[in-house]
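>>> With the input below, show me the fold.
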Amino acid sequence: MNKVIIYQIFTRLFGNRNTSRIEHGTIAENGCGKFADIDEDCLKKIKKLGVSHVWYTGVIRHATQTDYSDYGLPTQHPGVVKGKAGSPYAITDYYDIDPDLSIDVPHRMEEFEQLVARTHRAGLKMIIDFVPNHVARQYCSVAKPAGVIDLGADDDKSKGFDAQNNFYYCPQHHLQPSFETALGAMRAYEEFPAKATGNDHFDPWPGQNDWYETVKLNYGVDYYAGRVGHFDPIPNTWMKMVDILLFWAAKGIDGFRCDMAEMVPAEFWAWATKQVKTLYPELVFIGEVYNPSEYRHYIASGFDYLYDKVGMYDTLKSVMVHGTHPSAITHSWQAVEDIADHMLYFLENHDEQRIASSFFVGDARKGVPALIVSTLLRSNPFMLYAGEEYGEKGMDKEGFSGVDGRTTIFDYWNIDTLCRASWKSLTDEEKALYDLHVKVLNIAQKEKAVTQGQFFDLMYVNGQLSHQYAFLRKAGNDLLLIVANFEDAPVRCAVNLPQHAFDYLALPEKKVVATDLLSGVKYECQLSPEEAVKVDLSPCSGVVLKMSVARPRKTKKDGRATAE
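Numbering: from 1, shown residues only. Next up, the predicted model:
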């Protein structure tokens, strides 16, 4: 049994080695990564990192200001596209591939299929986005299979809500945004009747902070009447979206990361995941759900994993900036203990600020203890964002995105550390950070104590720890004592092991030699409730002490020794 470790690639940026970096630059000026850049050697390196799944972000065709009309693709009005490249979450054709990512645009689907095959040959599984809540304002599928009716084509636009409509409308109203974009173009965009905006904005006056470039999809929930569900007969949108899921599943992918899943009713997910998994039982669904009170509802509706953002991510972020005591980590895992295997941990993704950014802690090394905790704490999945392993800062002023500590999803750009890694020009600190990620992630993948072992939190008997977090993992005769140091200074810790840990994990009391799997340093320890284990910790680091806890051998009457 392997631990799921997901590597998120923002596909447009990942392979781009163009260093022009012109603010608001076009694809011709700044370049763009391609599927072909993710070749066999690249995938082998990702596999070596300890990864099991690759999430290719931004694969499906979305709104852009780049003109592909020569290839028969509709252009989008610049007023309803964020950035030159556009948001990958403003889908313009659910059945098509983003032409930016292909070398030969007419053969973009074949290039995607080749990437699927390469990924699998490398021993990796493949995840893509499914964006179910909203689409681009000018959605128009030119790649849909024969017989498929486009979203909204049969809608009764005289009604604000109809359970069989695909969109919500503001009858008799033109779209009238309450702001001007930088180009002054939004007001020139014509839409009548206005459609509801993707972030549940149900009037014709979206603001600049709304998802104004998108429109909300209708799953049979009447928001105008107070969120009343109309699910019998099955809404038309349900059937269209399942057809889309099945289309991509047939391409051989291994899972969907479902954008803003909680904005779509759980009733749909229960129906849809059952249909998809009947044909593709191994396919996984990962849900972006932020409301903890809804976690169990969505898991019961077919999701394999959910973002643990509001719990573990927010807690670790606060611990990293020294706003919260590490003991808060205990409360975070306890809150979801009954669904622990379904929670996806992460420290970065395309929505969050980079650890090394000035908006977070400003130094990637300060994320190391959080990496150790989030990968080794439990057996549930962990997700890494490309560039995180090198300490990418995310402090570029790319264009629409601006300087916000995040890697842009709206602009044509490249990722500095990924470029320098490919050119073998990383700093010593970046190399060391990468090597540490390789060690930690491979421990998470290979140690049975992590992938399937028992877990024991030690914080309740270690109140003396100020900026450290300690826990045990055990499988068979292998015991791991893991201590993460969030402090910016070296410390010597004395970690107490309570009697309950010896009883719960069936530990013997004996002397052992423990090896730190991160440094190779050996410790002589007395395993006993009466004697603390002493460990030396560097600033913003941790130890993973592995020891054998096989019980002492018994001697038979004939003098032969046997293991207990």
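>>> what's the neighbour count on Pro193?
By the criterion of other C-beta atoms under 10 Å, Pro193 has 17 neighbours. Quick note: C-beta positions are derived from backbone N, CA and C, even for glycine.
>>> Please, where are all the helices along the stretch 451-564 of the chain?
With DSSP state H, counting those that start in this stretch as the criterion, the stretch 451-564 of the chain has helices at 499-504.
>>> Give the residue spans of it that score low on pLDDT.
Scanning the stretch 451-564 of the chain with the threshold set as pLDDT under 70 gives 552-564.
>>> Show the low-confidence segments of the stretch 101-250 of the chain, by residue range.
By pLDDT under 70, the low-scoring segments of the stretch 101-250 of the chain are 181-187.
>>> Pull the residues that contact the biggest helix by length in the chain.
When the chain is parsed with DSSP state H, its longest helix is helix 428-446. Contacts to helix 428-446, defined as C-beta atoms under 8 Å, 6 or more residues apart in numbering, come from residues 2-3, 5, 48-52, 364-365, 368, 371-372, 375-376, 382, 384, 388-391, 417, 420-421, 426, 450-451, 517-518, 544.
>>> Give the rounded mean pLDDT of that helix.
For helix 428-446, the mean per-residue pLDDT is 98.
>>> Dump that helix to CSV, restricted to CA.
The C-alpha trace of helix 428-446 is given here as CSV (Å, rounded to 0.1, in the frame of the first residue of the first chain):
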residue,chain,number,x,y,z
ASP,A,428,23.2,25.5,-2.5
GLU,A,429,20.2,26.3,-0.3
GLU,A,430,17.8,25.4,-3.1
LYS,A,431,19.6,22.1,-3.7
ALA,A,432,19.5,21.3,0.0
LEU,A,433,15.8,22.0,0.2
TYR,A,434,15.2,19.7,-2.8
ASP,A,435,17.2,16.9,-1.4
LEU,A,436,15.3,17.2,1.9
HIS,A,437,12.0,16.9,0.0
VAL,A,438,13.3,13.8,-1.7
LYS,A,439,14.1,12.3,1.6
VAL,A,440,10.9,13.2,3.4
LEU,A,441,8.6,12.2,0.5
ASN,A,442,10.3,8.9,0.0
ILE,A,443,10.1,8.1,3.7
ALA,A,444,6.4,8.8,3.4
GLN,A,445,6.2,6.4,0.4
LYS,A,446,8.4,3.6,1.6
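>>> Tell me how far that helix lies from the chain's centre.
In terms of C-alpha atoms, centre = their mean, to the nearest Å, the centre of helix 428-446 is found 19 Å from the chain centre.
>>> What are the buried residues along it?
The neighbour-count check on helix 428-446 (16 or more other C-beta atoms under 10 Å) flags Glu430, Leu433, Tyr434, Leu436, His437, Lys439, Val440, Leu441, Asn442, Ile443, Ala444, Gln445 as buried.
>>> can you give me the helices in this protein?
11-14, 27-30, 40-48, 108-121, 236-249, 266-279, 295-300, 314-320, 328-335, 368-376, 416-422, 428-446, 448-451, 499-504.
>>> In CSV, list the C-alpha atoms belonging to the first one.
Right, helix 11-14. Below are the C-alpha coordinates for helix 11-14, written out as CSV (Å, rounded to 0.1, in the frame of the first residue of the first chain):
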residue,chain,number,x,y,z
THR,A,11,1.0,23.0,-17.1
ARG,A,12,1.2,26.3,-18.9
LEU,A,13,4.1,27.5,-16.8
PHE,A,14,5.9,24.3,-15.9
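>>> returning to what we had before: just so I know, which of the helices of the chain lies nearest Gly255?
Of all the helices of the chain, helix 236-249 sits nearest to Gly255, with 9.4 Å by C-beta to C-beta.
>>> Quick one: residues in contact with the closest one.
Contact partners of helix 236-249, identified using C-beta under 8 Å, 6+ apart, comprise 94-95, 128, 130, 132, 145, 148-149, 151, 154, 164-166, 217-220, 256, 268, 271-272, 275-276, 279-280, 283.
>>> buried subset of these?
Neighbour counting over the contacts of helix 236-249 (16+ other C-beta under 10 Å) leaves 94-95, 128, 130, 132, 148, 151, 164-166, 217-220, 256, 268, 271-272, 275-276, 280, 283 as the buried ones.
>>> So which of those sit within strands?
Counting by DSSP state E, the part of the buried ones among the contacts of helix 236-249 found in strands is Ile128, Phe130, Phe256.
>>> Touching, the last one and Leu283? I think so.
Yep, that's Phe256 we're talking about. Yes. With contacts counted by C-beta atoms under 8 Å, Phe256 reaches Leu283, the gap being 7.5 Å.
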